[in-house]
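> Quick one, fold the following:
(chains A, B and C)
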Amino acid sequence: MSESGRPVVQIEGVTKVFAQGNVTALQDIDLELQPGEFVSLIGPSGCGKSTLLRVIGDLVQPTAGTVTVNGKSAGQARADRDYGIVFQDSVLFDWRTVAKNIALPLELLGWDRERRRRRIDEMLALVELTGFADHHPWQLSGGMQQRVSIARALAFEPALLLMDEPFGALDEMTRERLNLELLAIWRQLGSTIVFVTHSISEAVFLSTRVVVMSPRPGRIAGVVDIDLPAERTVETHEDPRFFELVTEVRELLRRRGEHLLPEEEQALTDAARAGAGGAGE
Amino acid sequence: MAQAMAVTPVARRLPAGSVLNAVRRSASFVLGVAALVGLWELYRWIWSSAGWTWPFAVDDTTMPHVWVIVHALWQPAQVNQPALGDVLFHKALFTAKEAAAGFALGAAIGFVLGVVLAHSRLLQRGFLPYIVGSQTIPILAIAPMVVVWVNPKLPASLAGWGAVAVIAAYLTFFPVAINTLRGLQSADPRALELMRTYAASRWTVLWKLRVPASLPYVFSALKVAATASVVGAIIGELPSGLQSGLGGAILNFNQYYSIEPQELWATNIVAAILGIVFFLIVIAAERAIVRRPPEVSN
Amino acid sequence: MSGVVVTPGLRAGFGRRAGRQAIEWIPAAVVFCLGIAVWEGAIWAFHIKQFLLPKPSDIVSSLWSDGGTLWPAGWTTFKEALGGFAGGSAAGIVVATAIGRFRALGGVLMPLAIAANAVPIIAFAPIFNAWFDPLAPGSKMAIAGVLCFFPVLVNTLRGLQSVSPRQIELMRSYAAGELTIWRRVRVPTALPYVFTSLKVASVLAMIGAIVGEYFGGSFNALGVLIRSDAQILDFQTAWAGILVASLLGLALYAAVVVAERLTIRWAPASRDP
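Numbers count the residues shown, from 1 in each chain, chains lettered A, B, ... in the order given. Presented below is the predicted three-dimensional model:
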């Protein structure tokens, strides 16, 4: 848990150049995240938002600049397991039940069975999947799988939650429902969330701040403070202020966020894949 | 507040369901056997009536009637000996022992080899060609040397058949090694990334992620290995002079084939059943151990 | 002051690629040399009896001196294996294709094929010798052929069944005929599976030919030669014969690998089999 007053994440002058294809995914990024914030990263493909998320998580090392998470280096934060991560694909292990999937990080932390059991029950209740503990991932719908993935990410109560387009593969109704549930969880736990998304309305709906990024090279085009009331509901979508903010974000995107050429997009994908492959091994 | 499930869970196998399944499967098996017997006799009848000699002439020696073969199981093969079926059963058990030991040994070696190779591309490039090449060495040819070399090193209880088990292991380790390697490498890169966020050690990643992910591949190899171990055991017995197994029986009855063809046929059928039994055991183990989404599987 | 800028030409590109291929083989070559060295050294150091494991140098010299008998014998055996491999694999592919066309038939026959694949067919080798003239290559070809038939059948069928329904739907939306669908979708999807089974079959074919010869064959065949050499305790020549058999088996396997590299490169779906 981070102390209040000190930023949870501090990014200074971070640049990332992928050697392969000579692609500048991030250039001179400065960003500070306060505890309890819900920050969305939004931008077109190739703007570096996913790369930035991975830099925070020490899954990608920056070419230049510093990253401080919870007062430590990103690598130390990862070793201390200060954050949980949720990918677009739920990445659940087929051979484990829902309960055992949630238990995975707890096993790695060396928790005993009793303590794990209690936490799993808590998490299942949190994501409203009590009763599905003994199911296997393939028996659940996409939305439910993502909920398990979120439960797993929060299982050891990290201060920071990194989410890479977690609802991108789901249909709109499920996505809206999960948005509300995520906000409820966020309010309950008080975590800091970094949320990468493609959807402007989702970003505005969920966040306290929206960071708009642009590609070629990846940089921050602008930051929009979301001053909507803290309690967001379905009605928020119809709030005039909501529309104003969505328009503001859209304008930022349109002005600064030129789309990549196909070759550039390909180069970026290849480089990221090679980088991720190296990190993954 | 639990919402309605979008996906109906796979029904847990209730006892009643599995009984019905078993009945259905036994019925189709019996039908299959009956069809084969029918085909055999039909082929025999057509070819012998027409007098065709291609691909081979059909008579009582080359294709004995099915009932002659079955009848032979009840008769003693030699004077004052128990019935052939009885004799073959015990020989099958002997060969099964060798095959099972070879299977276990080969699978263990293959698995360890796969794990070691999965962690080093250099080792892979260095050793894979020879692992593949090892299977081109005709085991029948080196079997006698293996027997002579291994037997003195074994305790008395393992002597004789132990060497054959080694030969069986030789045929078994290869598919297991190759598939273990492939299976370990098949882990989802996203899952590997997830393990990185947990700062998991290589050992942890191996046992929590790679090995479970590799199980379908390993079992696919074990199915091949099951048959290979029986083949290895039979081939291994041939030059070893071991009388107690099916290989010895094959050699033996081969001598008398022109006189009593049904004995060799009976032996072959017993060998075939042995191979199938081993295969079914591995399939049963797979069902019990590997829980995977129902997809197009074998 | 400025260096000469060399534009890589086409030939340099090829050379670089060939060079990279060669580098891939260095670890294997190193292991080979080490292995031979250890082999020679161990025999010399531990005084391993000659008859169990001759020195590599002795085996090679045997190969040289007895090459006149060994290579022709090896060629005979190889032809048997090749004939069986070609015939059995072709039959397996044809039958699998036929079964693949009729889905219902496939459902019934697949379990039977799998069961037959589990049978130690090698046990039937003496019967093949009884059916066909043991001195003619046909009997050994038959054994090798049957050994190849079932794995190729099972795997080809599996490959054909693994075709994505979505791709078929796409082709139908183009009003493509059955033959076109076969050529453009089913065959390329099944090819990796087919080649995997062909690799297995190539090894099985040699095993089948040699075991078949064990039960009776002309003297000009490798299996018979190795057996008789072992019986008269001429292990050096026996091992030389084994080396010949192994090299020929590798050649067949390598031929399949080359064929695979050439063919699969043109097929769109290149999943690692």
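
> alpha carbons only for contacts and neighbour counts from here, please
Fine.

> quick one: the residue of the stretch 1-150 of chain C found nearest chain B from B:Ile131, how far?
In the stretch 1-150 of chain C, no residue comes nearer to chain B than C:Ala28, which is 3.8 Å away by CA to the nearest CA. C:Ala28 sits 11 Å away from B:Ile131, going by CA to CA, to the nearest Å.

> quick one, phi psi at the residue of the stretch 1-150 of chain C closest to chain B?
Main-chain torsions, C:Ala28, degrees, to the nearest 10: phi -60, psi -40.

> what about B:Glu164, neighbour count?
Quick fix: residue B:164 reads Val, not Glu. B:Val164 is flanked by 34 other residues according to other CA atoms under 10 Å in any protein chain shown.

> Looks like it contacts B:Leu238 (just checking).
No: using CA atoms under 8 Å, B:Val164 makes no contact with B:Leu238, being 9.5 Å away.

> Excluding residues flanking it in the chain, which one is nearest the residue of the stretch 1-150 of chain C closest to chain B?
Once flanking residues are discounted, C:Ala28 sits nearest to B:Gly126: 3.8 Å by CA to CA, 6 or more residues apart in numbering or on different chains.

> Next, the buried residues of the helix or strand encompassing that neighbour.
Counting by DSSP states H and E, the element that carries B:Gly126 is helix B:121-134. With burial defined by 16 or more other CA atoms under 10 Å in any protein chain shown, the residues of helix B:121-134 counted as buried are B:Gln124, B:Arg125, B:Gly126, B:Phe127, B:Pro129, B:Ile131, B:Val132, B:Gly133, B:Ser134.

> Take those residues and write them to CSV, including pLDDT.
Formatted as CSV, the buried residues of helix B:121-134 follow (pLDDT from 0 to 100):
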residue, pLDDT
B:Gln124, 90
B:Arg125, 88
B:Gly126, 89
B:Phe127, 90
B:Pro129, 86
B:Ile131, 90
B:Val132, 86
B:Gly133, 86
B:Ser134, 89
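
> Kindly indicate which of those residues lies nearest A:Glu32.
Of all the buried residues of helix B:121-134, A:Glu32 sits closest to B:Gln124, with 45.7 Å by CA to CA.

> which residues does that closest one contact?
Contacts for B:Gln124 (CA atoms under 8 Å, 6 or more residues apart in numbering or on different chains) come out as B:Leu117, B:Ala118.

> The stretch 101-250 of chain A: helices as residue ranges?
Ranges of helices within the stretch 101-250 of chain A are A:113-126, A:142-154, A:172-189, A:200-206, A:240-256, based on DSSP state H, counting those that start in this stretch.

> So which of these is the most surrounded?
Counting by mean count of other CA atoms under 10 Å in any protein chain shown, helix A:142-154 has the highest mean neighbour count of the helices of the stretch 101-250 of chain A, with a mean of 24.

> That helix versus helix A:172-189: what angle between them?
Interaxial angle, helix A:142-154 versus helix A:172-189 (axes from the mean of the first three to the mean of the last three CA atoms, to 10 degrees): 20 degrees.

> Return the alpha-carbon coordinates of helix A:142-154 using PDB.
Extracted in PDB, the C-alpha atoms of helix A:142-154 (Å, rounded to 0.1, in the frame of the first residue of the first chain):
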ATOM      1  CA  GLY A 142     -15.900 -14.200 -21.900                       C
ATOM      2  CA  GLY A 143     -17.200 -11.600 -19.400                       C
ATOM      3  CA  MET A 144     -17.000 -14.100 -16.500                       C
ATOM      4  CA  GLN A 145     -13.500 -15.100 -17.500                       C
ATOM      5  CA  GLN A 146     -12.400 -11.500 -17.400                       C
ATOM      6  CA  ARG A 147     -13.900 -11.200 -13.900                       C
ATOM      7  CA  VAL A 148     -11.800 -14.100 -12.800                       C
ATOM      8  CA  SER A 149      -8.800 -12.400 -14.300                       C
ATOM      9  CA  ILE A 150      -9.600  -9.300 -12.300                       C
ATOM     10  CA  ALA A 151     -10.100 -11.300  -9.200                       C
ATOM     11  CA  ARG A 152      -6.700 -12.900  -9.700                       C
ATOM     12  CA  ALA A 153      -5.100  -9.500 -10.300                       C
ATOM     13  CA  LEU A 154      -6.500  -8.200  -7.000                       C
END
